[in-house]
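Task: produce atomic coordinates for the following.
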Amino acid sequence: MRKIIIIIMIAVLFCGVGYAADMTIDKIIDRVDAMVPQTTTIMTCRQKIITSTGRERNFTIAVWGDNKNDNQTMVYLSPASVQGTVFVMLHGGDEIWTYFSDSKRLRQLAASSKNQKVMGSDFTYDDMSSQKKTGRYSFRLLGEELCQWKMCYKIECIPNEKGPDCDKEIIWVRKDRFIPVQAEIYDNGKKEPIKRMIIGNYRMFGQYIVACKISMTNLQKGSTTEFYIDKAYYDVSLSANVFNPSEYKHGMTH
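Numbers count the residues shown, from 1 in each chain. The predicted structure follows:
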């Protein structure tokens with residue numbers, strides 16, 4: 001009996017090694033991208049900004065997305081001071097339009113503005129745009145380690161000209177589900193990360209698994225922004241006007 005158990009354990013071990021060896025970095029990234037819903041979506045979200053002094057600002061936001069959020073429109077619903085503020089991010093964030101309710105002005109941001117904060121949060125426009133990895137980075141598998149209590153692939157992501165404006169990102173992807181649980185962002189030649197993103201509270205919405213809490217911490221300033229998804233609807237019918245910036249010249253008309 002003992003010999004049988006040992007034989008089974010050896011067989012399982014070698015099967016696992018074979019599976020891990022077969023998982024090249026390209027295959028891992030393909031699996032990660034495949035987990036991002038490719039369809040249309042409507043979401044109701046909350047955002048909490050916590051400053052380094054502990055002061056909090058809370059927002060509610062409606063989000064429309066298409067094609068893995070390559071096209072995305074965000075409309076701020078509360079508080080009253082920002083109600084009606086709109087951000088339209090197109091082509092993976094390559095084209096960004098803003099409408100601020102206080103100035104009542106629609107304008108397109110310069111490409112150099114993609115690294116600016118969104119509404120004073122710790123997320124930049126780059127952070128909030130397309131979730132796709134393929135075509136925006138080159139990748140290197142650094143190894144496997146425990147992260148957020150799960151065994152993960154540790155992956156280095158070097159942005160190309162289509163990627164975000166930073167030196168590199170290190171992401172941790174769960175081996176069992178191919179979903180990210182943590183990312184660290186490096187910039188300005190620094191050896192330590194400048195921001196850390198924790199991704200969790202995964203829930204099923206229909207056939208899609210979605211991270212319902214994303215926390216971004218500025219490790220230099222000590223501030224944190226928490227983004228929550230309260231409701232999400234996928235495979236919905238969306239008007240093309242939702243992603244047309246000119247529709248918001250005079251504020252929200254929908």
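
Pull the number of nearby residues for the closest residue to Ile170 other than its chain neighbours.
Counting by CB to CB, 6 or more residues apart in numbering, Ile170 lies nearest to Glu184, which is 4.7 Å off, once chain neighbours are set aside. From N, CA and C alone the C-beta is placed, and that goes for glycine too. Other residues near Glu184 number 17, with proximity taken as other CB atoms under 10 Å.

Quick check: beta-bridge partners of Glu184?
Beta-bridge pairing for Glu184 (DSSP bridges): Ile170, Arg196.

for Val86, what are its contacts?
Neighbouring residues of Val86 by CB atoms under 8 Å, 6 or more residues apart in numbering: 73-76, 97-99, 248, 251-252.

Specify the beta-bridge partners of the spatially closest residue to it that is not a sequence neighbour.
Spatial nearest neighbour of Val86, excluding adjacent residues (CB to CB, 6+ apart): Tyr99 at 4.2 Å. Applying DSSP bridges to Tyr99 yields these beta-bridge partners: Val86, Leu106.

Run a quick neighbour tally on Tyr99.
Using other CB under 10 Å: Tyr99 sits among 22 other residues.

And it, how far from Thr73?
Distance of Tyr99 to Thr73, given as CB to CB, to the nearest Å: 10 Å.

and what of Gly200?
Taking CB to CB, one finds Gly200 at 25 Å from Thr73.

ok, these two, which is more surrounded?
Thr73 (24 against 14).

So which bits of whichever strand or helix holds that one are buried?
Here Thr73, judged by DSSP states H and E, is contained in strand 71-78. Using 16 or more other CB atoms under 10 Å as the test for burial, strand 71-78 gives 71-77.
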